[in-house]
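Participant: Provide a 3D model corresponding to the input given below.
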Amino acid sequence: MRKLTAASLTMLLAFPSNVAFGEPLLTRSKNMYGTPSGLIDMPTAEMAPDGELATTLSYWSNQSRTMLTFQILPRLSGTFRYSALRDYRPGRGIPGATVYPNSSYYDRSFDVSYLLLKEGKYRPAVAIGLRDLIGTGLYGSEYIVATKSFSDRLRFTGGIGWGRLGSYNSFATMGTRPTTIIGAGGVPTYDRWFRGPVSAFGGVSYQATDKLQFAIEYSSDAYPNETGQSQDKGANLFTRKSPWNVGVDYQLNNALRMGAYYLYGSEVGLNFTIALNPKSSPVPGGGDTAPLPVMVRPKFSASDLGWTTTPGTKAGAQTALAAGLAREGLVLEGIKLDGRHARVLVRNTRWDIEAQAVGRAARVMSRNLPASVETFEVVQVSNGVPLSSVSMSRSDVERLENAPAERMYDRVTFGGGAAAWNGVEMVDGTYPRLSWSLGPYAKLSVFDPDNPVRVDVGAQIAGDYYLAPGWVLSGAVTVKATGNIGDQTPGLNSFGAGAGTLPAVRSDAAKYSRGNDPKIDYLTLAKYGRLGNDIYSRLTVGYLETMYAGVSGELLWKPVGSRLALGAELNYVAQRNFDQLFGVQNYNVATGHLSAYYDFGNDFHGQLDVGRYLAKDWGATVAIDREFDNGWSIGAYATKTNVSASDFGEGTFDKGLRFTMPLSWAVGTATRRKNEIVVKSLSRNGGAKLNVNGRLYDTVRDTHQPEMAKTWGRFWR
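Facilitator: All right, here's what the predicted structure looks like:
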């Protein structure tokens, strides 16, 4: 012990530290489990940069792991893992147990790590973590770990672990710990946490250059399941000859990192990570054109109202205004213009930041409206329905163009805009109108128990016909060129059994992907409207989604200045025929939810849905998302209904991750297009909801004051 202390003191003197104490110890590395760590297989107390989203692929000894890691908060990290173990068959060593039937075993697990203490001048950073806390328990382990930097290049780590991390050379025991693999998984394994044998682990990492890092570690994981030592004797994938691992990591560029390791005295492992951060666009500064300057009125011109009696002046101003707005990606749908006030109803086709759209509209109005018009009112419209209004003084627009955007924010007034169409002259050609597109499509299915990745590709033609304000006829037809989603065995779980006893409301999804004939994705008629200053409405009829047809109605209460919204949705649907054309099957159901949405104001947003689901089960869905000002959103959801775990099947209850990536973040130019991805470990029938296009909250929310306040700095851009 004296030697260790002396060595540590010598190292402390030899490597003066440049670390900024009081901040989390940051690392770009991910270990073989996908968690932020400068080591190889063991955890550390290091964290990734706040907001970082990383995908890690690791492979060694017939084991592959695909991990998705998100730095949820500066001190909190979460990892979803999908593992494939060839020739691993849990259960074959247990009398009477169900034996996994396939040649490769696929396992889903989730980890969290929390930084308890930040590093101080003499104090290490300390973190606590749980691996596989709601999975099958294959990787189940818990740990407390400390990491100390002795320079900006050298870090020492030591910790203690339970479960897998307590399976080698334990020095103590804390109660009895179950060790069997949980077949269904999907539930918190809290009866195992911090129980059983306790072992020590540790390691050292050295950042040789800005790109090159070396590591050596002592592992406390005996790999009992993979070496045939556990009770269920699932496999003998490798021989563990040593607890020591060594390796090297190399940062290829800002996003890509590779690692190579010599593991347990017998194996070579590889690690590959691709990382991005929603906070940092790959195209810094963006490529949008600069806005037109505000046109300042000549002195005393504001009192001239002669234009109001001059024939053609109003029409000319409207034409010029529409042309100017069109150049900025804004469509003028209606205008009310008098001597002192102008109200414009605009449809935003370009800007993903609504404050920027309003700012561009104000600039165009300053250049094209008569000088006497002092009040600008910009009403944002979607599907012909006013969503909100922003009113401002023209004098403020002229005076504050080069001032901080916050000063302009203090001068504007937000309104609900419910009566915005009153007295407004609709612009010719606005309705009816047709919008359509033709292009390729790709449909991805992941985590199928007998094939982890399936994909269909083909062509899709889609269109929207806007009949009148609030009325929209929509449809899409796809033709598959090739793919294998339809080859999936409906309802199969990892142990070859079915998906429980519930109606097959989602587990038959693969049947809708069979064949290459044209399929109707959706064909609907929707009516959007306003029932009051704070109440929005939607009624949709037709073929609502790939699996269901019927009628869907929705009401949303959302005051323009409120962070809280309340909604109600009621649907009556029948399951569509598998050919996805015009017929329906015998199964029908009334489903719906009461919903509450709340913006917590600290980049987090929550949603609670309570009601009846497609399998006629009752329950609730909770969703939490971290939202970034540029439109990125990363979150998770979980649904629990009155369906038992045995009836639900593998996974126990519905849960998943969801991501929204604005295309503008990736390309650097403004566009309203975004990619939305939902990742769930399994598609099951319990807790399944209807998918309907055009739900109100996401349509309305971005134009309201709380959201626009977050991005008001873009008003003048």
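Participant: partner residues bridging residue 147?
Facilitator: Taking DSSP bridges, one finds residue 125, residue 157 as the beta-bridge partners of residue 147.
Participant: ok, it to residue 160 distance?
Facilitator: Relative to residue 160, residue 147 is positioned 14 Å away (C-beta to C-beta, to the nearest Å). (C-beta placed from N, C-alpha, C; glycine too.)
Participant: Comparing these two, which residue is more hemmed in?
Facilitator: residue 147 (28 against 21; other C-beta atoms under 10 Å).
Participant: Which residue ranges of the stretch 551-700 of the chain form strands?
Facilitator: In the stretch 551-700 of the chain, the segments counted as strands under DSSP state E, counting those that start in this stretch are 564-576, 584-599, 604-612, 618-627, 633-641, 654-662, 674-679.
Participant: Residue 242 sits in which helix or strand?
Facilitator: Under DSSP states H and E, no helix or strand contains residue 242.
Participant: what residues does stretch 317-324 touch?
Facilitator: The contact list for stretch 317-324 (C-beta atoms under 8 Å, 6 or more residues apart in numbering) reads 292, 332, 335, 337, 344, 364-365, 367-370, 425, 427.
Participant: So which of the residues you listed wins on neighbours?
Facilitator: residue 344 (30 neighbours).
Participant: for the closest residue to it other than its chain neighbours, helix, strand, or coil?
Facilitator: Closest residue to residue 344 apart from its sequence neighbours, by C-beta to C-beta, 6 or more residues apart in numbering: residue 335 at 5.3 Å. What DSSP: H, G, I helix; E, B strand; the rest coil gives for residue 335 is strand.
Participant: which residues touch residue 335?
Facilitator: The contact partners of residue 335, taken as C-beta under 8 Å, 6+ apart, are 318, 321, 342, 343, 344, 345, 424, 425, 427.
Participant: one step back: could the strands of the stretch 551-700 of the chain go into TSV alongside mean pLDDT and mean neighbour count?
Facilitator: Formatted as TSV, those follow (pLDDT from 0 to 100; neighbours: other C-beta atoms under 10 Å):
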stretch	mean pLDDT	mean neighbour count
strand 564-576	98	19
strand 584-599	97	16
strand 604-612	97	17
strand 618-627	96	17
strand 633-641	93	19
strand 654-662	91	20
strand 674-679	88	12
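Participant: okay, and for the stretch 301-450 of the chain, where does confidence drop off?
Facilitator: Within the stretch 301-450 of the chain, the stretches with pLDDT under 70 are 448-450.
Participant: now residue 511, what's its secondary structure?
Facilitator: Following three-state DSSP, residue 511 is assigned to helix.
Participant: Pretty sure it sits against residue 577.
Facilitator: No - using C-beta atoms under 8 Å, residue 511 and residue 577 do not qualify as a contacting pair, with a distance of 9.8 Å.
Participant: So between the two, which is more surrounded?
Facilitator: Neighbour totals were compared for residue 511 and residue 577, and residue 511 leads with 18 against 14 (other C-beta under 10 Å).
Participant: Now the phi/psi pair for the nearest residue to the more buried one once chain neighbours are set aside, please.
Facilitator: The shortest distance from residue 511 to any non-neighbouring residue, by C-beta to C-beta, 6+ apart, is to residue 578 (4.6 Å). Dihedral angles of residue 578 (phi, psi; degrees, to the nearest 10) stand at phi -70, psi -20.
Participant: how deep is residue 578 tucked in, by neighbour count?
Facilitator: 18.
Participant: Over to the one 3 residues further on?
Facilitator: Burial of residue 581 is recorded as 12 neighbouring residues (other C-beta under 10 Å).
Participant: Repeat that for residue 250.
Facilitator: Close neighbours of residue 250, defined as other C-beta under 10 Å, add up to 13.
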